[in-house]
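A.B. asks: From the sequence below, what's the structure:
(chains A and B)
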Amino acid sequence: METAVIVFPASNCERDACVALERVTGKKPHRVWHGDTELPKVDFVIIPGGFSYGDYLRSGAIAARSPIVQDIVKKAKTGLPVAGFCNGFQILTEAGLLPGVLMRNKGLRFICKPQTLKITNSRSMFTKAYGDKREITVPIAHFDGNYFADKPTLEKLESSGQIVFKYVGNPNGSAHDIAGICNEAGNVLGMMPHPERAIDPLHGGTDGTAFFKSILEARA
Amino acid sequence: MRAPDLFTSETVAEHGLSEDEYALICERLGREPNLTELGIFSVMWSEHCSYKSSRRHLKKLLTKGKRVIQGPGENAGVIDIDDGDVIIFKMESHNHPSYIEPYQGAATGVGGIMRDVFTMGARPIANLNALRFGDPDHPKTKSLLAGVVRGIGGYGNCVGVPTVGGETNFHPGYNGNILVNAMCVGHAKADKVFYSAAKGVGNPVFYVGSKTGRDGIHGATMASAEFDDDSDAKRPTVQVGDPFTEKLLIEACLELMATDVIIAIQDMGAAGLTSSSIEMADKGGVGIKINLDKVPQREPGMTPYEMMLSESQERMLMVLTPGKENIAVKIFEKWDLDVANIGKTTDTGRLVLTHKRKTVCDIPIAPLADDAPNLNRPYKKPKKLPVLDHDPMFDPIKRGSDYNSVIKTLLAHPNIASKRWIWEQYDRTVMGDTIDSSQSGGGAAIVRIHGQNKAVAIATDCTPRYCAADPFEGGKQAVVETWRNLICTGAMPIAITDCLNFGNPERADIMGQFVYAIKGIDAACRALDYPVVSGNVSLYNETNQKAIPPTPAIGGVGLISDLQKMHTIAGAKDGHTLILIGATKGWLGASLYAQAILGYAADKDPAHAPPPVDLNAEKANGNYIRKLINNRRLSAAHDLSDGGLALAAIEMAFSCGHGIKLYQQSEIPLYAWLFGEDQARYLIAVDEFSINPVISTAKSLGITAKKVGEIGGTRLIAEGAFDMSLKDAHMIYESWLPDYMAS
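C.D. replies: Here you go, the predicted structure:
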């Protein structure tokens, strides 16, 4: 499987994402520069965490208007699997690939801690490899993770199985405890937690590994 | 003495220069300086840049060792960790700015120390910070704490370097001067370490990074003076940080460093363009000529004086190989950073500045650097305090209390209670190599060298109440506590960085604290073969003539050469036996128990001598513990510090999630046994098969080892003393700081 990780100015989780992908796929991902206008031919794209463009204006707002994101939007609409972690989730909402917005955490503080998540859609292409496992623990590290959308959107997300992960013990005030959602077609996912930081026993847990395996299996 | 003709005495004084120093400037120049030159002398001769009060004492420190590649004198220290890898690290203070403007002060402190590290070619892999705040009840403490923590997080989280550890203390002595000491640890390849000596004549001098603005002018001078009630008026001297630009600068510099274009590189820290250009030229033995019109400027109309004294952040100066400038320009343009050729190295040994085609400064470099004032300030030897003897009235029962109440009081003590509220605001897991951080409750952080089976352990320590009572023993103790914390991970301690925070050196008692703390640090370094490779000195931490407690913060780094042979405190296993290594006499002088329970107030003059540090015992006990860990004899190790055996055992229980029981003993009074702070001690957890071998080997080495308890159950028990539920105790431990911040 060929994969790509997008690099914006002040992305800071691109190396972590590359390590996780290489571990699972056995191949080095393409690192794609934000100023590029076209993705290489790949089967899966990660928009990594960080503070793209300093998160000035609004988290993810400037990155969503960068040249490479225009190509990602185009290809995601034709089915290319795309996942955004943390800042990547913010960018996906700003780019309109996912509904809703991510506001400042309810406590108005940055939060970094291991977080328990409930897998609320175990059939998605991002969660299939978890099998019967329904709860996982992966780190969160964000300031703007408080998911918000209007009532009809939230209801639709719930009824159509688009909520993939929910927090167990909501850390940031997210509506419906939402930690990660996918689009209607199921090929674009955004989540605040960092599965790429839970792939090694030395991380304190490996609950993130099955996330990447799921995609590998889905694209095999 | 020659009277100043060009400037009034007020102008000279405003620049932090004495009349004598002004006269000396005139003598060195053979004429009076112009305003730009006066500004340059003022910052270079400030305490902050010249170390004029401290230099002769720092020179005595042990700075060499078989793993030391670069000791003090560069941007940061460099140590060898095998396989062609080096660790580059330093701790630095940002006290004065953080008191005036906590968010930006702390943020730019983090940014500055990271630049010191990546300037030398290292990718920063860990940040730590040692913070001291005033009395929690002081009206400013809460907002200062909130601002500092937010600033550290705001900067470190954005650049994507994990903030993995540190310490936070409260003491009324910091009411008017908080301490923000930031440490950065980076990793590089030994053949890709960069230095600041500008070698060669006629080589181009490049400026990269942010534009120069009018912020931070006179920051170095401000940091070299006491505060008074009008310190808020100094806010404009605090710099404003932009972590986004810093992140770009890290990536761009590391990309350029992979080529062979850079001859020398130096970040623009305190005193900005002035100190960076002078230090580079001085170390390379060359002169430097700069055309100030070429300096990227944030606003029009900046004067040479302002440009040279600006402390705008996220800027670097480099000397490049002629003919290869375009490689650098392309990389910086790719990262959207300003880059400009602003001058060249010369053979004149002088700093020459031109502005609008006029020479605005032409001065010799030597008097600004090596030849700067080097004072021999008078100092008074600190007086020795009496030992606090045991007294039946120290028993909680006799005081009308009980041991459960004592434990509750200590767990909710600001210097013991959990600092989760702080470290949860720091990204500790970015970069994917954090093995252990503040989260576990251990004394040292562990960060893997990317892609390898080895790691570094990092700890910062200082016990200001010991230093206040005896600067010499306190200096020793700060060093050995980092050593013990590194040992507890299984690491081999290699070297330290020191961040020396003191009051006004013009007072002989303060200078005495400084001199004797250094003697203590040096004694410990020599005994443990644990040299100082970098550091900084922050003096004038005083407000209205009230100085902070002497605070020599130490940052230690050790190597874990095999990840299979390390430990975290959380590894302690149910059913394991607790063994205490090291001799216990029950030392209570300057202890947390004496302060928090017996009421020997820390804000008054210290009353009793702190625990003496037996360096031979430290070395023997530490090396023994490390061997046990490397041979996988233990499930956990924890050093004994604040609160003695009782708190070490409880902290271990919190980390592993099991209860503990400490056995009854009758050698010394129970309160002294549980809360005494004798040094060189460790609490270790071992399985039943290891108990006898561990104790008998210790005996053969002349090391005291005693079975003192066990792990298991859900309660915290010390026979004959306390008995409470682990859960309730943990709640008390976790509640103090969030409750305080919400109150």
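
A.B. asks: Neighbours of residue 13, how many?
C.D. replies: You didn't say which chain, so I picked chain A. A:C13 is flanked by 28 other residues according to other CB atoms under 10 Å in any protein chain shown. Where you see a C-beta, it was placed from the backbone N, CA and C, and this is true even at glycine.

A.B. asks: Switch to chain B, please.
C.D. replies: 13.

A.B. asks: Now the helix or strand it falls within: buried residues?
C.D. replies: Secondary structure assignment for B:A13, by DSSP states H and E: helix B:9-14. Under the neighbour-count criterion of 16 or more other CB atoms under 10 Å in any protein chain shown, helix B:9-14 has B:V12 buried.

A.B. asks: could I get it in CSV with only the CA atoms?
C.D. replies: What follows is helix B:9-14, C-alpha atoms only, in CSV (Å, rounded to 0.1, in the frame of the first residue of the first chain):
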residue,chain,number,x,y,z
SER,B,9,25.4,60.6,34.5
GLU,B,10,21.8,59.7,34.2
THR,B,11,22.2,58.3,30.7
VAL,B,12,25.1,56.2,31.8
ALA,B,13,23.2,55.0,34.8
GLU,B,14,20.2,54.2,32.8
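
A.B. asks: by contact count, what packs against the helix or strand bottoming out on mean pLDDT in chain A?
C.D. replies: Least confident helix or strand, chain A: helix A:209-219 with a mean of 95, by mean pLDDT, DSSP states H and E. Judged by 3 or more CB pairs under 8 Å, 6 or more residues apart in numbering or on different chains; DSSP states H and E, helix A:209-219 is in contact with helix A:14-25.

A.B. asks: The helix it packs on packs against which elements?
C.D. replies: Packed against helix A:14-25 by the contact rule (3+ CB pairs under 8 Å, 6+ apart) you find strand A:3-7, strand A:44-47, helix A:209-219.

A.B. asks: What average pLDDT does that helix get?
C.D. replies: Helix A:14-25 carries an average pLDDT of 97.

A.B. asks: what's the angle from that helix to helix A:209-219?
C.D. replies: Inter-element angle recorded for helix A:14-25 and helix A:209-219: 60 degrees (by axes from the mean of the first three to the mean of the last three CA atoms, to 10 degrees).

A.B. asks: buried stuff in helix A:14-25?
C.D. replies: Those would be A:E14, A:R15, A:D16, A:A17, A:C18, A:V19, A:A20, A:L21, A:V24, A:T25, for helix A:14-25 by 16+ other CB under 10 Å.

A.B. asks: Can I get that helix in PDB, CA atoms only?
C.D. replies: The C-alpha coordinates for helix A:14-25 follow below in PDB (Å, rounded to 0.1, in the frame of the first residue of the first chain):
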ATOM      1  CA  GLU A  14       4.300  14.000  10.500                       C
ATOM      2  CA  ARG A  15       7.200  11.900  11.600                       C
ATOM      3  CA  ASP A  16       5.000  10.000  14.100                       C
ATOM      4  CA  ALA A  17       2.500   9.300  11.300                       C
ATOM      5  CA  CYS A  18       5.200   8.100   9.000                       C
ATOM      6  CA  VAL A  19       6.600   5.800  11.600                       C
ATOM      7  CA  ALA A  20       3.200   4.300  12.200                       C
ATOM      8  CA  LEU A  21       2.400   3.800   8.500                       C
ATOM      9  CA  GLU A  22       5.800   2.300   7.800                       C
ATOM     10  CA  ARG A  23       5.400  -0.100  10.700                       C
ATOM     11  CA  VAL A  24       2.200  -1.400   9.300                       C
ATOM     12  CA  THR A  25       2.700  -1.200   5.500                       C
END
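
A.B. asks: quick one: it to strand A:3-7, angle?
C.D. replies: 180 degrees.

A.B. asks: Mind giving me the packing neighbours of the helix or strand that helix A:14-25 is followed by?
C.D. replies: Using DSSP H and E, the helix or strand that directly follows helix A:14-25 along the chain is strand A:30-33. Counting contacts by 3+ CB pairs under 8 Å, 6+ apart, strand A:30-33 packs against strand A:3-7.

A.B. asks: remind me which residues of chain A are low pLDDT?
C.D. replies: Residue ranges of chain A with pLDDT under 70: none are present.

A.B. asks: Now do the contacts for whatever residue of chain A ends up closest to chain B.
C.D. replies: Taking CB to the nearest CB as the measure, the point where chain A comes nearest chain B is A:N12, at 2.4 Å. A:N12 sits next to A:P48, A:G49, A:G50, A:F51, B:C158, B:V159, B:G160, B:K247, B:V430 when contact means CB atoms under 8 Å, 6 or more residues apart in numbering or on different chains.

A.B. asks: again, only using 10 Å
C.D. replies: Counting by CB atoms under 10 Å, 6 or more residues apart in numbering or on different chains, A:N12 touches A:48-52, A:86-87, B:157-161, B:247, B:250-251, B:427, B:430-431.

A.B. asks: residues contacting the residue in the stretch 201-350 of chain B that chain A sits nearest to?
C.D. replies: Proximity of the stretch 201-350 of chain B to chain A (CB to the nearest CB) peaks at B:F244, 2.9 Å away. By CB under 10 Å, 6+ apart, the contact list for B:F244 reads A:P9, A:A10, A:F51, A:S52, A:Y53, A:G54, A:D55, A:Y56, B:C158, B:V159, B:E314.

A.B. asks: Would you confirm that B:Y671 belongs to a strand?
C.D. replies: No: counting by DSSP: H, G, I helix; E, B strand; the rest coil, B:Y671 falls outside a strand, being helix.

A.B. asks: Can you report how many residues lie near it?
C.D. replies: 27.

A.B. asks: secondary structure class for B:P693?
C.D. replies: helix.

A.B. asks: and the residue nearest to it when sequence neighbours are not counted, how many neighbours?
C.D. replies: Excluding its sequence neighbours, the residue lying closest to B:P693 (CB to CB, 6 or more residues apart in numbering or on different chains) is B:R633, at 7.4 Å. For B:R633, the count of nearby residues is 18 (other CB under 10 Å).

A.B. asks: how far away is B:R633 from B:S561?
C.D. replies: 18 Å (CB to CB, to the nearest Å).

A.B. asks: Equivalent analysis for B:Q679, please.
C.D. replies: Counting by CB to CB, the gap between B:Q679 and B:S561 amounts to 27 Å.

A.B. asks: again with B:A527
C.D. replies: Plainly put, B:A527 is 23 Å away from B:S561 if you go by CB to CB.

A.B. asks: sorry, back to before: would you list the contacts of B:F244 in TSV and tack on distance to B:P33, neighbour count and secondary structure?
C.D. replies: Shown next, in TSV, are these (distance: CB to CB, whole Å; neighbours: other CB atoms under 10 Å in any protein chain shown; DSSP: H, G, I helix; E, B strand; the rest coil):
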residue	distance to B:P33	neighbour count	secondary structure
A:P9	42	24	coil
A:A10	42	25	coil
A:F51	44	26	coil
A:S52	47	31	helix
A:Y53	44	23	helix
A:G54	40	20	helix
A:D55	45	21	helix
A:Y56	41	13	coil
B:C158	40	26	helix
B:V159	39	27	helix
B:E314	30	26	coil
